[in-house]
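Student: prediction below, plus the sequence it came from.
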Amino acid sequence: MLYFHAEIQFFFHSAFKDTMVAGNLDNIDRELLKLLQVDASLTNKELSYKLNKSIATVHERVRRLKEQGYIKAVVAIVDRKMIDKSLLAFSHVLLSEHTAHTLRAFEEQVAEFPEVMECFQMSGAFDFILRIATRDMDAYHDFYRNKLATLPNITTVQSFFVLSETKSQTAYPL
């Protein structure tokens, strides 16, 4: 009887591991990720209650989701206005050269600026879009003049300033 139990446990462990490696999430994994995207402070006990699974099962699944890279980080999302970062800008950047070296150098340099929250290389009329958070327009001007405009190979920067925020989500639909 003990041998049979161990064999079944190995089968389920192997099947779950193969599913995770293949990049396919089962319904429990999806529900777990949905819950954690909304509130990553939920304990394994709270998650197990919501999913109707054991605490050990939830713990193991969360560990594997982290190990497999599905969960990249567990962070606190701070209200930018509460920390005096009220001005949000989206800046489109066009570079004069498009060599691999120039693109990589720009990405490395702009990643060092704490005001730059996100940097995306884009298709279309501009090469990059930056999401920039500063205290106010004076702080943005200082950032632009003393940091961004000092980088080589920038032809154009076109910035758009957020007037109001209707929706800002961090959770991906699953």
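Tutor: Great, that's in hand. Numbers count the residues shown, from 1 in each chain.
Student: so what's the residue count around the residue lying closest to Leu151 once chain neighbours are set aside?
Tutor: Among residues not flanking Leu151 along the chain, Gln109 sits closest, at 5.4 Å (C-beta to C-beta, 6 or more residues apart in numbering). Quick note: C-beta positions are derived from backbone N, CA and C, even for glycine. Using other C-beta atoms under 10 Å, Gln109 has 15 neighbouring residues.
Student: can you give me the strands for the protein?
Tutor: Secondary structure of the chain (DSSP state E): strands at 87-95, 116-121, 128-134, 154-161.
Student: what is the mean pLDDT for the second one?
Tutor: Confidence over strand 116-121, taken as the mean pLDDT, stands at 98.
Student: helices or strands up against that strand?
Tutor: Other elements packing on strand 116-121 under the criterion 3 or more C-beta pairs under 8 Å, 6 or more residues apart in numbering; DSSP states H and E are helix 100-111, strand 128-134.
Student: ok, residues contacting the last one?
Tutor: So that's strand 128-134. Strand 128-134 is contacted from outside by 80, 85, 87-93, 95, 106-107, 110, 115-122, 140, 143, 159, using C-beta atoms under 8 Å, 6 or more residues apart in numbering.
Student: run the chain-centre distance for that strand.
Tutor: Relative to the chain's own centre, strand 128-134 is displaced by 15 Å; criterion: C-alpha atoms, centre = their mean, to the nearest Å.
Student: may I have the strands that pair with that strand, each with its orientation?
Tutor: When pairing is defined by DSSP bridges, strand 128-134 lines up against strand 87-95 (antiparallel), strand 116-121 (antiparallel).
Student: now the last one against helix 100-111, angle please.
Tutor: The one in question is strand 116-121. 160 degrees (axes from the mean of the first three to the mean of the last three C-alpha atoms, to 10 degrees).
Student: go on, the first one?
Tutor: Counting by the same axes, to 10 degrees, strand 87-95 lies at 160 degrees to helix 100-111.
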